[in-house]
Structure formats: C-alpha cells, structure tokens
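Asks: Dropping a prediction and its sequence here:
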Amino acid sequence: MGQLSNRSKREQEIYDIGLDRQIWKKFFRNQGHFENQRRLEIFRKFLDVENREVLEIGGSMSKAYVYDNSNKKHSVTCINISDKELAESKRDYSRSQQPLFIQMDAHKLDFDDSSFDMVFGFGMLHHLDYEKTLFEVNRVLKPGGIAIFKEPLDENPVAQLVRFLTPKARTHDEIPFRRHDLEKIKDIFSNVELQFDQLLTFPIALISGLFIRDKDTKFIKVGFNMDNLISRYLPFLRRYFRQVTIVIKKEAE
C-alpha cells in the first residue's frame, strides 16, 4: 500500500482502534429490511452469470450480497484500509466462502484497468474523497459493468438527531451526502440511477424498534411503500430521505 493521504491515515487509525456503535446499532436495528431486499435483487440479476469479478470496498457485505445471494461461482476481492476491519470481516466467511482480502486505500486502487464486472460498497464513499475514489472505480470497472453504493444523506432531521446523540459511532472525516454530491456523481458517470430510502420508514422503524424486534412488519412496509410514492411524485422531498442507493452502469464498448 502506497503513501496515504492525511484523511486516509485518520480513517485508518480510528478504525484500527474501533468505533463505539452499540447505541447506534440499537437505533438502527429495524432499519432497511425492504430496501435491502430491493438491493439484493439488483445483485441477484447481475450475478446470474458465472465467473463475475467482484470488488467490495469494505469487506463485510460480500457474504450476504454475493455468496449467499447467487448459486453461481464468482471471484470476490475485498479491500479495506484497516487491518482490524479486515480481520473482523474474515471471521464472517466459511472456508468455502473466502474472498481475497487486501489492505488497500480506495483512493488508489492497485488493480489494472477494466478488472471487475462489479464494484460495491455500503457506507464507504462518505468516508472518502468520493470523487477520487469514483474515478478509480470507473477505471477498474469493465465496460458493461455495474457499481452499487449505499450512502447516508445529510438533511434528514431524524438522522441528524441520531448522529448528534451518537458521536462516538463515526469518524471525524465522514460527511453524509448532499444534493450537489449526487450531481457530481452524475458528471462522472453517464448512467446513474438513484434510489432514495427511509423518509417515513426511518421514524416508523426507529419507534417500532423500541418495542418490536421483527424487521418485516406491516407498519414498516406501509412506510416503505409511501416512501416510494413520495420519491416518485414529490422529488423535491428526496433531499430529506435518510439514505440513497447509487446504481452506476458503465457503458459497454
């Protein structure tokens, strides 16, 4: 791994020590079930071809999204800047499900051009210089390939309150996305789809999580369906959703 930027060094040091996320996890334990099913379906369709080359920035989600979500064989590489994070991720996989784990800075990917069919990362870009990282993603992504990222948005009032109440659950450099960040991503890639999640679903799941452990409840499903309608017909409210799934498709040559 080459010389790190100051930002990357700070992130590495904090994650090697570890973050206190117990309270944060309690807030979010009922979040994301229906959005997660939608993301899994995107992966499932793309992975319905043998021998996809997959890169995960992070390292902890390939089991659920690749190995457990496809009956095809794929080659998976997981990178993270933190040795501790990589070691923790390795424990999630069985011997038959072992990606190649590499300590690497996402700002400078040590891979050849057009190396991967799929690149993904959840909650990663807002820790990084995302423009620099996405130019690298574009470089290593094969023509016709796909990149998927899930990132927090900055203007949801409930999320702002949760972030205020859980300062030890995050690093100093992470910055949730705003509208201009999403526009910049559209400048880098010509084919970008944005899926906005958790406007009504977020407070509903937050409150229900205090009393109900079931993530698949009628209350949350109603909120999820309402969020889809709001995002579609009231786009000016998208800025207040809690998170966005970014689906990037690189043009085929």
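Replies: Looks like it came in fine.
Asks: Report the mean per-residue pLDDT for stretch 42-56.
Replies: For stretch 42-56, the per-residue pLDDT values average out at 97.
Asks: next one: that stretch to chain centre, how far?
Replies: How far stretch 42-56 lies from its chain's middle: 16 Å, per Cα atoms, centre = their mean, to the nearest Å.
Asks: what do you get for stretch 192-207?
Replies: For stretch 192-207, the distance from its own C-alpha centre to the chain's C-alpha centre is 14 Å (Cα atoms, centre = their mean).
Asks: Using CSV, write out every CA atom in that stretch.
Replies: What follows is the C-alpha trace of stretch 192-207 in CSV, where atoms were taken according to Å, rounded to 0.1, in the frame of the first residue of the first chain:
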residue,chain,number,x,y,z
VAL,A,192,-26.7,6.7,-12.8
GLU,A,193,-29.9,5.6,-11.0
LEU,A,194,-30.6,6.9,-7.5
GLN,A,195,-33.0,5.1,-5.2
PHE,A,196,-34.0,7.2,-2.1
ASP,A,197,-34.8,5.3,1.1
GLN,A,198,-36.2,6.0,4.5
LEU,A,199,-38.2,9.1,4.9
LEU,A,200,-41.3,7.8,6.7
THR,A,201,-39.8,4.4,7.1
PHE,A,202,-37.0,5.7,9.3
PRO,A,203,-39.0,7.2,12.2
ILE,A,204,-41.5,4.3,12.0
ALA,A,205,-38.8,1.7,12.2
LEU,A,206,-37.0,3.7,14.9
ILE,A,207,-40.0,3.8,17.1
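Asks: what sits up against that stretch?
Replies: Stretch 192-207 is contacted by residues 27, 30-32, 34-35, 38, 153, 156, 158-159, 162, 182, 185-186, 215, 219-220, 222-224, 226-227, 230-231, 237-238, 240-249 when judged by Cβ atoms under 8 Å, 6 or more residues apart in numbering. C-beta here means a position set from N, CA and C on the backbone, and glycine is covered the same way.
Asks: Counting only strands, which of those make the cut?
Replies: With strands defined by DSSP state E, the entries of the contacts of stretch 192-207 inside them are 243, 244, 245, 246, 247, 248, 249.
Asks: Any idea how many residues pack against residue 97?
Replies: Burial measure for residue 97: 13 neighbouring residues, criterion other Cβ atoms under 10 Å.
Asks: quick one: it from residue 41, how far?
Replies: In this view, residue 97 and residue 41 are 21 Å apart by Cβ to Cβ, to the nearest Å.
Asks: And residue 182, by the same measure?
Replies: Distance of residue 182 to residue 41, computed by Cβ to Cβ: 22 Å.
Asks: more neighbours, these two?
Replies: Just comparing residue 182 and residue 41: by other Cβ under 10 Å the higher neighbour count belongs to residue 182, 18 against 11.
Asks: check contacts around that one.
Replies: By Cβ under 8 Å, 6+ apart, the contact list for residue 182 reads 194, 244, 246.
Asks: Which single one of those residues is nearest to residue 120?
Replies: Of all the contacts of residue 182, the one with the least separation from residue 120 (Cβ to Cβ) is residue 246, at 9.8 Å.
Asks: For the closest residue in space to the closest one that isn't next to it in sequence, give the beta-bridge partners.
Replies: Leaving out its chain neighbours, the residue that sits closest to residue 246 by Cβ to Cβ, 6 or more residues apart in numbering is residue 149, at 4.5 Å. Partner residues in beta bridges with residue 149: residue 121, residue 246, with DSSP bridges as the criterion.
Asks: Run a quick check on residue 149 versus residue 126, I expect a contact.
Replies: No. Counting by Cβ atoms under 8 Å, residue 149 sits too far from residue 126 to count as a contact (9.3 Å).
Asks: Pick out whichever of those two has more residues nearby.
Replies: Applying other Cβ under 10 Å to residue 149 and residue 126 shows that residue 149 carries more neighbours, namely 24 against 19.
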